[in-house]
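>>> sequence unknown, structure follows:
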């Protein structure tokens, strides 16, 4: 039996760019590049046509890759819910749309699932007090499958024959729609539009006698990427996909085992890092100890490269590597590959900072904060008119004119997706008096969409899938543009280069080399998702 306390919280709409194919697949439209006339502002000038195809002055982050999700679980601590909330705070960067915690007190499961940020809901003593018990799991969500509505907020819960079963998932299943259609055809009733519910249905229908065996049976049907934490009446279970695409670590706090997406969630509660779960490993923790299961055939490990480029917090350790140091090395490699003479190196805050530090160090050009971020602007600012919307960029970022004016600038960013954000930042630099702007990107061009839990646009909306390098340069409106090479990326990761026969990383966004079958996409499956029920958010 589960006692639920749910509230929709305070979720506000966040305007995002909808850069349609018409805006990218047509003729290259050069920006108003530097003309040498002081009365003209160099860079890409926003026009009425830009507004038509979706380039406007809304949130600077709308053109960024969206984080996946974060998971956390602990067993055997009387402060389980509070520690889970703290762990989720540390993982907030992985998802900001919703958060949830499920706990178990030996008799009842308790659930709190909210739309919004962890700090908006789980800092209240009353909320934590309702989450009774010494075992709990939690989840922060950015939706890649399913709408942002309360019934999709995790952890999901079901009463099964063997008892309660709560699950939280980071990743994405590439055959979830196919499995879902088969299950619905066989009589299954789905209550959410999340691919995670597919596991619940498979576990419920498994004929294996033990809960763990039923869980293994369910995972044997799954394709794609996942890091999972599961809470039952007696067990806390962690599982990682056979390719190791999504990260999951094991920690310990005063004898209480913990599963979480990143080591920073252990740091915040003073827990000890034990190890990462091996790809394909299932770890079962009870109050009697920990058991490791490896039920699947061993495959070539291919962790997701974007954990290092963008998703993980810089202070995390992923795959035994410091994320911060990897990002610095990306900048160093970028400087070796595509250096240009300039006066200052400026990061696009905050994700471009480590790479810019590395670039500045390698090139011996001063590192400066030429863009200042306002950390006190939340996501709830209402922009009622077009005139106010046009000021939206400066709500969160503003050019540091004293550093920028009259300078040749190397602007370092971690990635370029649609290019719409880059246009606005470059324009901001020119308006602040930059003499030249040279954009350097610490990831290769993103040419393919992701299907493993990263929210990327469809391929026709990706800038690099539609333009060559010169076309992208003109589109963004910079003096020069360069991306790190794929081999340069691998060198920064500690490899000699990419092995095309056996790639060391999941890098399909750059190469089109998908590590698993894309069953739903290739089969053009369509799902029938709660078509008669529209939930008011």
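Ah, there it is. The structure displayed is predicted, hence computed values, not measured ones.
>>> How much space separates residue 247 from residue 184?
Noted for residue 247: a distance of 32 Å to residue 184, by CB to CB, to the nearest Å. For the C-beta atoms, the positions are set from N, CA and C on the backbone; glycine is no exception.
>>> Among those two, which residue is more densely surrounded?
residue 247 (25 against 15; other CB atoms under 10 Å).
>>> Skipping its backbone neighbours, what lies nearest the more buried one in space?
Take residue 247 and drop its neighbours on the chain: the residue closest to it by CB to CB, 6 or more residues apart in numbering is residue 318, 5.6 Å away.
>>> Around that neighbour, count how many other residues there are.
The number of residues packed around residue 318, counting by other CB under 10 Å, is 21.
>>> In contact with it: list those residues for me.
For residue 318, the set of contacting residues under the criterion of CB atoms under 8 Å, 6 or more residues apart in numbering consists of 247, 262-263, 303, 307-308, 312.
>>> what is it paired to in the beta sheet?
residue 321 (DSSP bridges).
>>> And it, how far from residue 149?
With distances taken as CB to CB, residue 318 is found 31 Å from residue 149.
>>> and which of the contacts of residue 318 is nearest to residue 443?
Proximity to residue 443 was ranked across these by CB to CB; first place goes to residue 308, at 9.7 Å.
>>> Assign a three-state SS to the nearest residue to that closest one once chain neighbours are set aside, would you?
When the adjacent residues along the chain are set aside, residue 308 lies closest to residue 326, with 4.6 Å between them (CB to CB, 6+ apart). Assigned with DSSP: H, G, I helix; E, B strand; the rest coil, residue 326 falls in the helix class.
>>> Can you list the buried residues in the lengthiest strand in the chain?
Secondary structure of the chain per DSSP state E: the longest strand is strand 163-173. By neighbour count with 16 or more other CB atoms under 10 Å, strand 163-173 contains the buried residues 164-173.
>>> got the residues you listed as a markdown table, with pLDDT and distance to residue 203 columns?
Converted to a markdown table, the buried residues of strand 163-173 look like this (pLDDT from 0 to 100; distance: CB to CB, whole Å):
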| residue | pLDDT | distance to residue 203 |
| --- | --- | --- |
| 164 | 95 | 12 |
| 165 | 96 | 6 |
| 166 | 97 | 11 |
| 167 | 97 | 8 |
| 168 | 97 | 14 |
| 169 | 94 | 13 |
| 170 | 93 | 18 |
| 171 | 89 | 17 |
| 172 | 87 | 18 |
| 173 | 88 | 14 |
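>>> Tell me, how many residues neighbour residue 79?
Neighbours of residue 79 under the rule other CB under 10 Å: 16.
>>> Correction: the previous question concerned residue 329.
24.
>>> again, but for residue 303
Around residue 303 there are 22 residues (other CB under 10 Å).
>>> ok, now residue 495?
14.
>>> For residue 246, see how far away it is.
Computed as CB to CB, the residue 495 to residue 246 distance reads 21 Å.
>>> related to what we said a few turns ago, could you export the contacts of residue 318 as TSV, including pLDDT, distance to residue 345 and secondary structure?
Below are those laid out as TSV (pLDDT from 0 to 100; distance: CB to CB, whole Å; DSSP: H, G, I helix; E, B strand; the rest coil):
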residue	pLDDT	distance to residue 345	secondary structure
247	95	30	coil
262	97	28	coil
263	98	29	coil
303	94	29	coil
307	92	25	helix
308	94	21	helix
312	93	23	coil
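>>> Return the member of those residues nearest to residue 109.
residue 262 (25.8 Å).
>>> Can you tell me, leaving aside adjacent residues, what's nearest to that closest one?
With CB to CB, 6+ apart, the residue lying closest to residue 262 is residue 316, at 4.3 Å.
>>> Just the pLDDT for that neighbour.
Model confidence at residue 316, expressed as pLDDT, equals 97.
>>> ditto for residue 144
In the predicted model, residue 144 carries a pLDDT score of 49.
>>> do the same with residue 141
Per-residue confidence at residue 141 stands at 87 (pLDDT).
>>> now do residue 462
With respect to pLDDT, residue 462 scores 89.
>>> With residue 302 instead?
What the model reports for residue 302 is a pLDDT of 94.
>>> Would you confirm that it belongs to a strand?
No - membership of residue 302 in a strand is not supported by three-state DSSP, which gives coil.
>>> which ones are touching it?
Counting by CB under 8 Å, 6+ apart, the residues that residue 302 touches are 243-245, 503-506, 515.
>>> Okay, it and residue 507: tell me how far apart.
For residue 302, the distance to residue 507 (CB to CB) stands at 8 Å.
>>> What segments of the stretch 151-300 of the chain are strands?
156-160, 163-173, 224-232, 236-240, 249-253, 256-260, 272-276, 282-286, 289-293 (DSSP state E, counting those that start in this stretch).
>>> want to throw those into CSV with distance to residue 110?
Rendered in CSV, the data for the strands of the stretch 151-300 of the chain read as follows (distance: least, CB to CB, whole Å):
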stretch, distance to residue 110
strand 156-160, 10
strand 163-173, 10
strand 224-232, 11
strand 236-240, 15
strand 249-253, 21
strand 256-260, 18
strand 272-276, 27
strand 282-286, 20
strand 289-293, 25
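>>> nearest to residue 376, of the ones you listed?
Ranking the strands of the stretch 151-300 of the chain by distance to residue 376, with CB to CB as the measure, places strand 256-260 first at 28.1 Å.
>>> Tell me the strands beside that closest one, with direction?
strand 69-75 (antiparallel), strand 249-253 (antiparallel).
>>> roughly how far apart are residue 517 and residue 243?
Taken as CB to CB, the span from residue 517 to residue 243 is 12 Å.
>>> and what of residue 464?
The gap separating residue 464 from residue 243 is 25 Å, by CB to CB.
>>> residue contacts, the closest residue to residue 165 other than its chain neighbours?
Setting aside the residues directly before and after it, residue 165 is nearest to residue 158 in space (CB to CB, 6+ apart), at 5.3 Å. Contacts here follow CB under 8 Å, 6+ apart; on that basis residue 158 touches 164-165, 200, 203-204.
>>> Pick out whichever of these sits closest to residue 357.
residue 200 (44.5 Å).
>>> Now residue 348, what are its backbone angles?
Its backbone dihedrals place residue 348 at phi -80, psi 110, with angles given as degrees, to the nearest 10.
>>> which one is it nearest to, not counting chain neighbours?
In this structure, residue 348 finds its nearest non-sequential neighbour in residue 413, 4.2 Å apart by CB to CB, 6+ apart.
>>> The one you found pairs with what?
When bridges are assigned using DSSP bridges, the partners listed for residue 413 are residue 441.
>>> where does it land on pLDDT?
The predicted structure lists residue 413 with a pLDDT of 96.
>>> Give me the spatial nearest neighbour of residue 414, chain neighbours excluded.
Across the structure, with CB to CB, 6+ apart as the measure, the residue nearest residue 414 apart from its sequence neighbours is residue 351 (4.6 Å).
>>> how far away is the one you found from residue 402?
Computed as CB to CB, the residue 351 to residue 402 distance reads 24 Å.
>>> Could you check which of these two is surrounded by more residues?
Between residue 351 and residue 402, counted using other CB under 10 Å, the more crowded position is residue 351 (21 against 10).
>>> Thought residue 310 was touching the more buried one, still the case?
Yes - between residue 351 and residue 310 there is a contact under CB atoms under 8 Å: 6.2 Å.
>>> list the residues that contact both of these two?
Common contact partners of residue 351 and residue 310 (CB under 8 Å, 6+ apart): residue 414.
>>> just to revisit the earlier point, any idea how many residues pack against the residue nearest to residue 308?
Other residues lying near residue 326 total 24 when counted by other CB under 10 Å.
>>> Might one say that it is in contact with residue 306?
No - with contact defined as CB under 8 Å, residue 326 does not reach residue 306; the gap is 11.6 Å.
>>> In stretch 297-314, which residues are buried?
Under the neighbour-count criterion of 16+ other CB under 10 Å, stretch 297-314 has 301-314 buried.
>>> Can you lay out the residues you listed as CSV showing distance to residue 420?
Formatted as CSV, the entries for these read as follows, by distance: CB to CB, whole Å:
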residue, distance to residue 420
301, 35
302, 30
303, 29
304, 24
305, 23
306, 20
307, 25
308, 25
309, 19
310, 17
311, 21
312, 25
313, 25
314, 25
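>>> Cool, thanks, talk later.
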